[in-house]
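Chemist: Give the three-dimensional model of this entry:
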Amino acid sequence: MTLLRTFVLRGESDARQLHDFLKSNWRALANDAKPLAVTVSEHKKKRNGQQNRLYWSLLNQIAEQVWIGGKRFSSEAWHEMAARKFIGFEELPDGSLKAISTTTLSVGEFAEYVTKVQSYASSELGIEFYF
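Modeler: Numbers count the residues shown, from 1 in each chain. Sure thing, here's the model as predicted:
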């Protein structure tokens, strides 16, 4: 089983919990040849449910309205295409490309991304969104 704990330090009690966790666990894990690795970074709040629902509503409407070369594509296909286009992609070991996940985006970054997808769909694909 992989140990994964996230501590968001907003106050003294959060910092104390992290300290207590490390104090209670680091030695036993190190002695068991499973040392802890600690990474510190700025916390970015992930997108919320409302943003996610709006995004998938946009993708579903694109999938319902757009035909390219006589074909319709699923909302998942549009999700992959939009992520590649507006976030980027990474190369896999076999040379194929995979979109960088939208889950890596903060709330603000995801809002910008959704705006780009909506603008692209309206201007390039002729979508009229209904909400």
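Chemist: Show me the helices in this structure, by range?
Modeler: Here the chain has its helices, by DSSP state H, at 12-31, 49-65, 75-86, 107-125.
Chemist: Name the residues of stretch 110-124 that come out as buried.
Modeler: Neighbour-count burial for stretch 110-124 flags 110, 113-114, 117-118, 120-121 (criterion: 16 or more other C-beta atoms under 10 Å). Heads up, the C-betas are built off the backbone N, CA and C, glycines and all.
Chemist: ok, now which residue in this structure is the farthest from the centroid?
Modeler: Distance from the C-alpha centroid of the chain peaks at Asn31, with 35.3 Å (C-alpha atoms, centre = their mean).
Chemist: how much space between that residue and Ala37?
Modeler: Separation of Asn31 from Ala37 (C-beta to C-beta, to the nearest Å) stands at 16 Å.
Chemist: cool, and His43?
Modeler: Between His43 and Ala37 the computed distance is 18 Å (C-beta to C-beta).
Chemist: confidence score at the residue farthest from the centre of the chain?
Modeler: With respect to pLDDT, Asn31 scores 94.
Chemist: same thing with Gly70?
Modeler: According to the predicted model, the pLDDT of Gly70 comes to 95.
Chemist: what does Met1 give?
Modeler: 59.
Chemist: rewinding a little: could you check which of His43 and Ala37 is surrounded by more residues?
Modeler: Counted by other C-beta atoms under 10 Å, His43 and Ala37 do not tie: His43 has more neighbours, with 11 against 4.
Chemist: Tally up the residues packed near the residue lying closest to that one once chain neighbours are set aside, please.
Modeler: Leaving aside its chain neighbours, His43 sits nearest to Val8 (5.0 Å; criterion: C-beta to C-beta, 6 or more residues apart in numbering). Applying other C-beta under 10 Å, we find 9 residues neighbouring Val8.
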